[in-house]
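> Mind looking at a prediction? Sequence and model below.
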Amino acid sequence: AQSVTQLDSQVPVFEEAPVELRCNYSSSVSVYLFWYVQYPNQGLQLLLKYLSGSTLVKGINGFEAEFNKSQTSFHLRKPSVHISDTAEYFCAVRPSNDYKLSFGAGTTVTVRA
Amino acid sequence: GAGVSQSPRYKVAKRGQDVALRCDPISGHVSLFWYQQALGQGPEFLTYFQNEAQLDKSGLPSDRFFAERPEGSVSTLKIQRTQQEDSAVYLCASSLVGRENYGYTFGSGTRLTVV
């Protein structure tokens, strides 16, 4: 079984400041890793994914994440946030031999001017 | 269609009422998933279809929950005798193939409130 822990439930941040959202996972098999964003009253939108290869993954809207196998982490970063980045962010894992996504509880990012 | 379409967007049901939630996946997508997202939580897997075959229903919380996809396209999630604990957002996702496509396209969800 897999589990995902998002270490921060809420992250307030000022506009143009950097942000990091932390995600740790546990799994007995190799996994693929994802970050999704959910804007109010909308579905989940894929920000980025790690399948294999380079551990630094770049996604949409200026986000990037780094896979650290030894620390079983997949932290999401953005060097300079905008008001429009205010949303809920979910880290998710999927075993490489399965189809089920397991999600963390989410991190609410609130960007203030 | 261009995306995954779910209807209705909002549903209020009285406790004990039956409800039906519809998902229209992206045309040609073989795999279809239902997830349940309780307030303040991440989505949790309910069930998985490949074409019309329901290959996994291990996440359905009780026998009051039933899903179908009779022609391999539109899917319906039915909840019988709704209870307050069924209040959640129900998300549908689809993908072109199963495990190979890595990332799924999610719909906007149906927010169910049981009163």
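Nice, thanks for sending it over. Numbers count the residues shown, from 1 in each chain, chains lettered A, B, ... in the order given.
> And the pLDDT for the closest residue to A:Gln6 other than its chain neighbours?
Residue nearest to A:Gln6 in three dimensions, not counting chain neighbours: A:Gly104, with 3.8 Å by C-beta to C-beta, 6 or more residues apart in numbering or on different chains. For every residue, glycine as well, the C-beta is placed using N, CA and C. With respect to pLDDT, A:Gly104 has a value of 96.
> residue contacts, A:Gly104?
A:Val4, A:Thr5, A:Gln6, A:Cys23, A:Phe90, A:Cys91, A:Ala92, B:Gly42 (C-beta atoms under 8 Å, 6 or more residues apart in numbering or on different chains).
> tell me which helix or strand of chain B sits lowest on mean pLDDT?
When the helices and strands of chain B are scored by mean pLDDT, DSSP states H and E, strand B:105-106 comes last with a mean of 92.
> does that strand come close to chain A?
Yes: Strand B:105-106 reaches chain A (C-beta under 8 Å from any C-beta of the partner chain) through B:Phe106.
> Bridged to the residue in chain A positioned nearest to chain B, which residues?
Here chain A gets closest to chain B at one residue, A:Phe103, 3.2 Å apart by C-beta to the nearest C-beta. For A:Phe103, the beta-bridge partners under DSSP bridges are A:Ala92.
> My guess is it contacts A:Ala92. True?
Yes: under the criterion of C-beta atoms under 8 Å, A:Phe103 makes contact with A:Ala92 at 4.7 Å.
> When those two are compared, which one has more neighbours?
Neighbour comparison, A:Phe103 and A:Ala92: the larger count goes to A:Ala92, with 27 against 21 (by other C-beta atoms under 10 Å in any protein chain shown).
> Assess the claim that the more buried one and A:Ala105 are in contact.
No: A:Ala92 lies out of contact with A:Ala105 (C-beta under 8 Å); the separation is 11.3 Å.
> shared neighbours, the two?
B:Gly42.
> quick revisit: between A:Phe103 and A:Ala92, what contacts are shared?
A:Val4, A:Tyr36, B:Gly42.
> In chain B, which residue is most central in space?
Per C-alpha atoms, centre = their mean, the C-alpha nearest to the average position across chain B is that of B:Trp34, at 3.3 Å.
> Given the strand or helix carrying that one, what are its sheet partners and their directions?
Secondary structure assigned from DSSP states H and E places B:Trp34 in strand B:31-37. Strand B:31-37 pairs in its sheet with strand B:44-50 (antiparallel), strand B:88-95 (antiparallel), by DSSP bridges.
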